[in-house]
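Student: 3D, please:
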Amino acid sequence: MLWGSNARETHPIFFHHVLKGIRHGAKLRVIDPRRTSSAQWADVWLGLEVGSDISLANAMAREIIHSGLANEEFIRHATSGFDAYRACVEKYTLERAERETGVPTQVIRQTAHAYAKAKRAQTCWTLGITEHHNAVDNVLALINLGLLTGHVGRYGSGLNPLRGQNNVQGGGDMGAIPDRLPGFQHVENAELRAKFERAYGVKLDPKRGWHLSAMFEAMEHGELTTLYVLGENPVDSEADRHRAVKLMSGLEFLVVQDLFYTKTAELAHVILPGSAGWCETEGTVTSSERRVQRVRAAVPLPEGVRDDMEVIYELARRFGRDWGQPHAETIWNELRQLSPMHAGMSYKRLEELGGIQWPCYDESHPGELYLHSRLWREPLIGPRAPFSVVEFEPPVDVLNDEYPIRLTTGRHLDSYNTGEQSRRFPSPLRRAATLDLSPEDGKHYRVSEGEQVRVTSRRGSVLAPVRFDPGLRPGLAFLSVHFHEQISTNDLTIDAVDPKSGTSEFKATAIRIEKCVEH
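Tutor: Residues are numbered from 1 along each chain as shown. Here you go, the predicted structure:
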């Protein structure tokens, strides 16, 4: 199941593996409001209403339970909280789910049965699930389905968040999460924190830090006045772009370290030219399957540019902390001493084995092939996997007569995020930015393909040429996030934030369109 993922365009290498599976007999179900290029390869497409994923997942769960298809042995052995979960999903009948999702009851029933009965089944998701005000609950709803059926922790089965950018997994592993130290060790755990304090020779703040949305809140309240941005372009990537520009323009000091002169860099007091991690530096990268691999410098740095690691070391020196010479393997070995899940990954073993999947606890450990395989061990190793009670909530930006169209956003195959890494290079696949509408909506609003229209939300408006996409249903529109110099998509999107993850609801904006009047 590809749930909220247009992997054909956003994860094309991964999708090649999906196509291989299809050619060998695998069945693909795509759950997405749009009939995307991924859905065109599917046996079944479930075109649900934007933001109704929890209702669909809970109704599938109820159907699985009522049909006697739940993996009761696995639930008893490895999970907790099932009774509360069963009580929660009981009210999500197929009829209710059809009303809330728009997916016919028969299709929901067939999908639930196919998933539960499959010998091996995977659920893969991306931003279509996580860019909502209830992002974490959406993910928990999918995890619940995996636990209910036992499709987790074994060959060919699993729950797979497809990572949006190279080494996102590695960033999290290294502690680029507000409440975690490297190796996902909680900063608020005094014993774990003390280990790092001894190694670093400093006292660490015992409280979790801010995630990105909380940083902008802190800027608004004057609590955050200095920002160091490394390889990010929040001016173009934040929801409610007006607010992002206003707050970042008001900072006392902004440093940007990057390869490109981004819109964020335009606001900076100091710009530090960064290096390209994939070809100009030494280190490691971690893939979506937790595989740590070596990265080697293939080309020398351009004149005047320093390795990102070297820049950070030099800053530390200016702050009065001499860390010695920046050396990738030395840094990695420090990590191995502090993060148990990386302990067995010496550079020598990474070279010999072509990468190792964490956790890898010592130099005799091969790395864990299936992250949650422990759930099948007798006796159970570690804590039980909890079911989570989650309830359906509609999107924050309400549709009404003034804003009757639901706008969702996403990526194209030829481009990458805010476009900094892709728009400078020509591509035969690239087309100009457009507002994509269903042909039916084009007829209803009396607009023709290529015609410029004004698109307005409760936060702002932009001009955009129309393109008709038969993969869109009436009432649903689409804008890409790549071409802010053509269409500032994030002038429209809402800064409704999931309190658990800090993710904004990019996928569910209420808009209207109007014909442009020529003067």
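Student: helices or strands up against the helix or strand of the chain with the lowest mean pLDDT?
Tutor: Every helix and strand of the chain was ranked by mean pLDDT, DSSP states H and E. The lowest is helix 234-237, at a mean of 88. Contact partners of helix 234-237 among helices and strands, from 3 or more Cβ pairs under 8 Å, 6 or more residues apart in numbering; DSSP states H and E: helix 241-249, helix 263-266. No exception for glycine: its C-beta is placed from N, CA and C like everyone else's.
Student: dump these into a markdown table; add mean neighbour count as well.
Tutor: What follows is the helices and strands packed on helix 234-237, written out as a markdown table (neighbours: other Cβ atoms under 10 Å):
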| stretch | mean neighbour count |
| --- | --- |
| helix 241-249 | 18 |
| helix 263-266 | 20 |
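Student: strands of the stretch 51-200 of the chain, residue ranges please.
Tutor: Remark: strands assigned in the stretch 51-200 of the chain by DSSP state E, counting those that start in this stretch are 79-80, 122-125, 158-161, 180-181, 185-186.
Student: so of those, which one's packed in deepest?
Tutor: A comparison of the strands of the stretch 51-200 of the chain by mean neighbour count, using mean count of other Cβ atoms under 10 Å, puts strand 122-125 on top with a mean of 22.
Student: pairing partners for that one, with directions?
Tutor: According to DSSP bridges, strand 122-125 has the following sheet partners: strand 2-3 (parallel), strand 158-161 (parallel).
Student: tell me which of those strands lies nearest to Leu19.
Tutor: Of all the strands paired with strand 122-125, strand 2-3 sits nearest to Leu19, with 12.0 Å by Cβ to Cβ.
Student: show me how far the closest one is from its chain's centre.
Tutor: Relative to the mean C-alpha coordinate of its chain, strand 2-3 is positioned 13 Å out (Cα atoms, centre = their mean, to the nearest Å).
Student: which residues are in contact with that strand?
Tutor: The contact list for strand 2-3 (Cβ atoms under 8 Å, 6 or more residues apart in numbering) reads 18, 28-32, 38, 42, 53, 123-125, 128-129, 142.
Student: try stretch 56-73
Tutor: 31, 46, 48, 85-86, 88-90, 92-94, 96-97, 101, 103, 108-109, 111-113, 115-117, 141-142, 144-145, 148-150, 390, 392.
Student: before we move on, the earlier item: could I get the strands paired with strand 122-125 as TSV with distance to Thr418?
Tutor: As requested, the strands paired with strand 122-125 are exported to TSV (distance: least, Cβ to Cβ, whole Å):
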stretch	distance to Thr418
strand 2-3	24
strand 158-161	21
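Student: least confident of those, on average?
Tutor: Among those, strand 158-161 has the lowest mean pLDDT, at a mean of 93.
Student: ends of stretch 41-55, what's the gap?
Tutor: Start to finish, the residues bounding stretch 41-55 are 25 Å apart (Cα to Cα, to the nearest Å).
Student: check which residues of it are buried.
Tutor: By 16 or more other Cβ atoms under 10 Å, the buried positions in stretch 41-55 come out as 41-42, 45-55.
Student: over to stretch 480-500?
Tutor: Using 16+ other Cβ under 10 Å as the test for burial, stretch 480-500 gives 480-484, 486-498.
Student: next: stretch 398-415.
Tutor: Within stretch 398-415, the residues that count as buried by 16+ other Cβ under 10 Å are 399, 403, 405-412, 414-415.
Student: hang on, Gly283 packs against Trp332?
Tutor: Yes. Gly283 is within contact range of Trp332, at 7.5 Å (criterion: Cβ atoms under 8 Å).
Student: re the thing from before, helices - which of the contacts of stretch 56-73 land there?
Tutor: 85-86, 88-89, 94, 96-97, 101, 108-109, 111-113, 115-117, 141-142, 144-145, 148-149 (DSSP state H).
Student: related to what we said a few turns ago, now, the most widely separated pair of the contacts of strand 2-3?
Tutor: Spatial extent of those (Cβ to Cβ) is set by the pair Val18 and Asp53 at 20.1 Å.
Student: Leu272 falls within a strand, correct?
Tutor: Yes. Under DSSP: H, G, I helix; E, B strand; the rest coil, Leu272 sits within a strand.
Student: bridging residues for it?
Tutor: With DSSP bridges as the criterion, Leu272 is bridged to Gln257.
Student: contacts only, for it.
Tutor: 255-258, 311.
Student: buried ones among those residues?
Tutor: 255-258, 311.
Student: could I get those residues as JSON lines with pLDDT and distance to Glu303?
Tutor: Formatted as JSON lines, those follow (pLDDT from 0 to 100; distance: Cβ to Cβ, whole Å):
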{"residue": "Val255", "pLDDT": "98", "distance to Glu303": "22"}
{"residue": "Val256", "pLDDT": "97", "distance to Glu303": "20"}
{"residue": "Gln257", "pLDDT": "96", "distance to Glu303": "17"}
{"residue": "Asp258", "pLDDT": "94", "distance to Glu303": "17"}
{"residue": "Val311", "pLDDT": "95", "distance to Glu303": "15"}
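Student: quick one: the residue nearest to Gln169 when sequence neighbours are not counted from Leu350, how far?
Tutor: Nearest residue to Gln169 in three dimensions, chain neighbours excluded: Thr286, at 4.5 Å (Cβ to Cβ, 6 or more residues apart in numbering). Distance of Thr286 to Leu350, computed by Cβ to Cβ, to the nearest Å: 11 Å.
Student: tell me which of these two has more neighbours.
Tutor: Set Thr286 next to Leu350 and count neighbours by other Cβ atoms under 10 Å: Thr286 wins out with 23 against 18.
Student: which SS class is the residue lying closest to Tyr445 once chain neighbours are set aside?
Tutor: Leaving aside its chain neighbours, Tyr445 sits nearest to Ile513 (5.9 Å; criterion: Cβ to Cβ, 6+ apart). What three-state DSSP gives for Ile513 is strand.
Student: I'd say Ile513 and Leu407 touch.
Tutor: No. With contacts counted by Cβ under 8 Å, Ile513 stays clear of Leu407, the gap being 9.6 Å.
Student: shared neighbours of those two, which are they?
Tutor: Residues touching both Ile513 and Leu407 (Cβ under 8 Å, 6+ apart) are 455, 477.
Student: where does Gly283 fall, phi/psi-wise?
Tutor: The phi/psi pair for Gly283 (degrees, to the nearest 10) reads phi 160, psi -150.
Student: give the contact list for it.
Tutor: By Cβ under 8 Å, 6+ apart, the contact set of Gly283 is 277, 294-295, 309, 328, 331-332.
Student: any idea what it is bridged to?
Tutor: Beta-bridge pairing for Gly283 (DSSP bridges): Val295.
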